[in-house]
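# Sequence below, structure please.
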Amino acid sequence: MTSLLDEAPALWRALTIELDKWQQQFGGVPLWWRDDDAQTYTPALEQLLKINRQQYSSTLALAVIPAGATNSLARRVQSEPRCWVLQHGYRHKNYAPATRKKCELDEDRPLAAIAKELQSGATYLAGLFGDQFLPVLVPPWNRMRSDLLVHLPAWGYWGWSGLGPQNTVPGLKVAHVHIDIINWRTRQFAGTGQVLGQWLRVLQQQRTSTLPGKSPTPIGLMTHHLAHDDRCWLFLNTFLPWIEEQVTVHWQLPMALFSPARR
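Have a look, this model is predicted:
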């Protein structure tokens, strides 16, 4: 059987060279891992937790949909000391018209209705998961109305997480994800070359844009365990041990990423 390490060999080599630059310049690479759409206990969730728990030194942030979150999910997650819970919207329901991209926290919805749902969801998750829940908003489809961020601190949120470059907001911690292993048009693994290309581009951009004496922004891996095919799982089981052999990986604790600064 062909190993993923035999696919796109030029990109594996280029990544090795880039990671060596990170080791020399920063003493390693800061990474964090966010998995979206959790609601209940499933075999796919168990597979995800096994990778996080037994095989690597990673820590995991589960973006949980409050309206569907079950006791079975809470019971399973409570036994995972390296797992935290973030809030993935409220229902993960699309309210945008057909002419716009899918969005739950859409600009056409009343702000008061959004606030009520989000705060209700945060209260529910806090009761379900206790200290493992962090009041951090992960918008479904990684998008939301542009004026929502400024209200989040007053609603009790510590931070938010989307996809792509950082957006800073006073009073709100931000940690985004950058790597998506799924092709959502086919709902399959995006391909070794495509995913490695994402890693290479993000690593190069973050390294070259980090000012001297400053720490680089943590790079975020995004997964969706319920949508994984066999090659998604194979990639995680191949790439995660591989990168730890190439460079010192500083896995970022979600609690440390999002906890408000002490005054």
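# Tell me which residue lies nearest the centroid of this protein.
Nearest to the mean C-alpha position of the chain, by CA atoms, centre = their mean, lies residue 34 at 2.5 Å.
# List the buried residues in the one helix or strand that one maps to.
Counting by DSSP states H and E, the element that carries residue 34 is strand 29-38. By neighbour count on 16 or more other CB atoms under 10 Å, the buried set for strand 29-38 is 29, 30, 31, 32, 33, 34, 35, 36, 37, 38. C-betas here are computed from N, CA, C, even on glycine.
# Do I have it right that the first one meets residue 244?
Put plainly, it is residue 29. No. Residue 29 is beyond contact range of residue 244, at 9.8 Å (criterion: CB atoms under 8 Å).
# Packing partners of the strand holding residue 34?
Applying 3 or more CB pairs under 8 Å, 6 or more residues apart in numbering; DSSP states H and E, one finds that strand 29-38 contacts helix 9-26, strand 60-64, strand 219-223, strand 249-251.
# packing partners for the first helix or strand past it going along the chain?
Per DSSP H and E, strand 29-38 leads on to helix 43-50 as the next helix or strand towards the C-terminus. The helices and strands touching helix 43-50, judged by 3+ CB pairs under 8 Å, 6+ apart, are helix 71-77.
# For the helix it packs on, name the packing helices and strands.
With contacts taken as 3+ CB pairs under 8 Å, 6+ apart, helix 71-77 sits against helix 43-50, helix 111-129.
# want to throw the ones you listed into a markdown table with distance to residue 228?
Output for the helices and strands packed on helix 71-77, formatted as a markdown table (distance: least, CB to CB, whole Å):
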| stretch | distance to residue 228 |
| --- | --- |
| helix 43-50 | 6 |
| helix 111-129 | 23 |
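# Could you report the neighbour count for residue 167?
11 (other CB atoms under 10 Å).
# same deal with residue 11?
Neighbour tally, residue 11, other CB under 10 Å: 17.
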